[in-house]
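Colleague: I'd like to go over a predicted model; first the sequence, then the structure.
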Amino acid sequence: MASSATTLRMAGARNASAVRFRDPTSELPVAKWVLISIALVFLAMVLFLPLFAVFSEALRRGWQVAFTAISEPDAIAAVKLTLLIAAIAVPLNCIFGVAAAWAIAKFEFKGKTFLTTLIDLPFSVSPVIAGLVYILLFGTGSFLGPLLNSWGLQVLFAVPGVVLATIFVTFPFVARELIPLMQDQGTGDEEAAISLGASGWQAFWYVTLPNIKWGLLYGVLLCNARAMGEFGAVSVVSGRLRGETITMPLQVEILYNEYNFVAAFAVASLLALLALVTLVLKALLERVYGRDHAATARH
Amino acid sequence: MDVRIDNVRKEFDRFAALNDVSLDIRSGELIALLGPSGSGKTTLLRLIAGLDFPTSGAIYFGDEEASRKTVQERNIGFVFQHYALFRHMTVAENIGFGLKVRPSATRPPRSEIRRRASELLDLVQLSGLEGRYPSQLSGGQRQRVALARALAIEPRVLLLDEPFGALDAQVRRELRRWLREIHDSTGHTTVFVTHDQEEALELADRVVVMSQGGIEQVGTPDQIYDDPTSPFVYGFIGDSSELPVKVENGQVWLEDRAIGLDASGVSDGEALLYFRPHDIELLDGCGGCVAGTVAASRRVAGMRRVELEVGGSRHRVELELPTEQAAAEKSRIAFRPKRWKLFPIAGRSGAHLPRAA
């Protein structure tokens, strides 16, 4: 008896010391589980539940009704316009973003800080204001609007305006993604390339671009997601001409305001699906990017 | 290819990194730019390469003015301290890069590029690693690949910026010997930057000692070590001890005692006496010598390093003695430098000025 009691006490002591000497960066199991549960509950309430609601609402009257709602001409026009805008805005911002990041990361010049701040502007300005800026720039009371109009180019309340507003709002994504990456990589590789006789363009194409490709792709995905989902700025400049300047987010709002809930949620699910595809792509990329990065990190 | 640097000055934001530097580099020479950090040695190397441009002055490659040419036009090979290998290319692609980017008129066919790459890999003793990526190589191997890549374009001048700075001591020594062999077999004019004096003295035909944006001394390793022309070079190259002394009537005086060194021809006044800690003779008595009390004594490998407090001002000098020499603390030691040098302290006592009557 006595000996078993001693064993027990010793076991207790061993346990106590085990607790005292646990990994200094880890928490008590209780604290760990409480924290994880809070995070999960929060995620469920804020993310999963709404997403689930969107799909369940869309499918409330069955697949067929939902399918009919999204194969309506207006809905199809909205999908087409959204894809068109993304197809124009994303490549343009890709070029702008790489150029801006290249200039900021690889060269020293006056006003660099100012340029960096300027690139962040679309993040800090409300999209509605961005839209209003274009109204001021191209509206009937402005200088540019009537001039372009007389050349037969309608900017406001037409596709060009929607594209411009989208470009403005999505401008920072690629640049923001690349600037820290390129700054971190420095100019050593480019100097090596030009010392071997490569022209500036060759250095960019053969050396810089391969070094930034994963970051660039990631920036493009984020840019694309935002270009498809933008509401505020586009809503101001679109003029809401049905079948002409209505993008998917606008279409959702219009249908909803008309109490056409099933159709609204059907289009919304389509948009959500696009976002999900983007997210899955991003997760895949992060995996590859992470592995790639670990293997070729600077020595 | 001779390289001539003529009164080159480089300023960064008004701060002069190089002050009117002139230097002649002979064809086929292996030359070291040696100095502490901030002395301008890397700046000078980058100016020769064309990665930076001088504020004033000119650089000649042979007879042609190169200082306004771009780095691509100069045809130099540059090896970076951190290798700067292209991490997404294999070793063979890295080495062939300089040939691949040539305009199509002068670009060798693909098979020729591949052949050159494996030839150069043989030269740097890495045959068979063509398909590896830089991340799969050790530091020493990476630097060899970087050198092969620089040699592939058949440069007129080979420039190396602290090529072994990021490697550990043993690999560094090995690569040093190996670079010398490569230099001797290829005959390139080679300039390398280092802050490691052992590296410079062992490897180079001539050493350029730099400090604060200027050249202190140019000479063979022996000249630099045996006959430094300035206090900076004496202090920077090898170990040295210094002692503030006075010169009067051709004699060197430490406070009120003549220390038995002949300074005829040196003008009177205050001066600094420099000598190597190991290059001394120990004396028993002291009629004309430096005497002091041992303040600290440490055994370092094959010798004994002693700090001696000398004279009334207790100025400390360092000596290197054989291990069998007793040197207990507080005991007295008397010595005289065998080889030494005097540098007048200009301006303080008017060492070079005629004495006022």
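Modeller: Received the coordinates, thanks.
Colleague: now do the SS call for the residue in the stretch 1-150 of chain A that chain B sits nearest to.
Modeller: When scored by CB to the nearest CB, the stretch 1-150 of chain A has residue A:108 as its residue closest to chain B, at 9.7 Å. In short, each C-beta sits where N, CA and C put it, glycine included. Secondary structure assignment for residue A:108 (DSSP: H, G, I helix; E, B strand; the rest coil): coil.
Colleague: would you quantify the distance from it to residue A:183?
Modeller: 12 Å (CB to CB, to the nearest Å).
Colleague: and those two? Which one has more around it.
Modeller: Using other CB atoms under 10 Å in any protein chain shown, the more surrounded residue of residue A:108 and residue A:183 is residue A:183, with 13 against 8.
Colleague: give me the mean pLDDT for the helix or strand harbouring that one.
Modeller: Residue A:183 belongs to helix A:172-185 when assigned by DSSP states H and E. Mean per-residue pLDDT for helix A:172-185: 93.
Colleague: is it in proximity to chain B?
Modeller: No - Helix A:172-185 does not reach chain B (CB under 8 Å from any CB of the partner chain); its nearest approach is 9.7 Å.
Colleague: can I see the domain layout of the chain?
Modeller: Answering for chain A, as no chain was given. Listed domain ranges for chain A are A:27-58, A:63-298 (source: automatic domain parsing).
Colleague: wrong chain, I was asking about chain B
Modeller: If you go by automatic domain parsing, chain B breaks into B:3-234, B:239-356.
Colleague: how about the nearest residue to residue A:193, chain neighbours excluded?
Modeller: Nearest residue to residue A:193 in three dimensions, chain neighbours excluded: residue A:203, at 3.9 Å (CB to CB, 6 or more residues apart in numbering or on different chains).
Colleague: ok, and what's touching the lowest-mean-pLDDT helix or strand in chain B?
Modeller: The weakest-scoring helix or strand in chain B, judged by mean pLDDT, DSSP states H and E, is strand B:257-262 (a mean of 85). Strand B:257-262 is contacted from outside by B:245, B:250-253, B:273, B:287-290, B:336-337, B:340, using CB atoms under 8 Å, 6 or more residues apart in numbering or on different chains.
Colleague: which of those are buried, as a PyMOL select command?
Modeller: Buried members of these, defined by 16 or more other CB atoms under 10 Å in any protein chain shown, are picked up in PyMOL with:
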select buried, chain B and resi 245+251+252+253+273+289+290+336+337+340
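Colleague: restrict the contacts of strand B:257-262 to those near chain A?
Modeller: Answer for these near chain A: none qualify (CB under 8 Å from any CB).
Colleague: that older thread, show me what the helix holding residue A:183 is packed up against.
Modeller: Contacts defined by 3 or more CB pairs under 8 Å, 6 or more residues apart in numbering or on different chains; DSSP states H and E place helix A:172-185 against helix A:73-106, helix A:112-124, helix A:209-229.
Colleague: need those helices in CSV with mean neighbour count and mean pLDDT, can you?
Modeller: Formatted as CSV, the helices and strands packed on helix A:172-185 follow (neighbours: other CB atoms under 10 Å in any protein chain shown; pLDDT from 0 to 100):
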stretch, mean neighbour count, mean pLDDT
helix A:73-106, 19, 93
helix A:112-124, 13, 91
helix A:209-229, 20, 90
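Colleague: Serialize the ones you listed to a markdown table and add fields for distance to chain B.
Modeller: Output for those, formatted as a markdown table (distance: least, CB to the nearest CB, whole Å):
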| stretch | distance to chain B |
| --- | --- |
| helix A:73-106 | 13 |
| helix A:112-124 | 14 |
| helix A:209-229 | 4 |
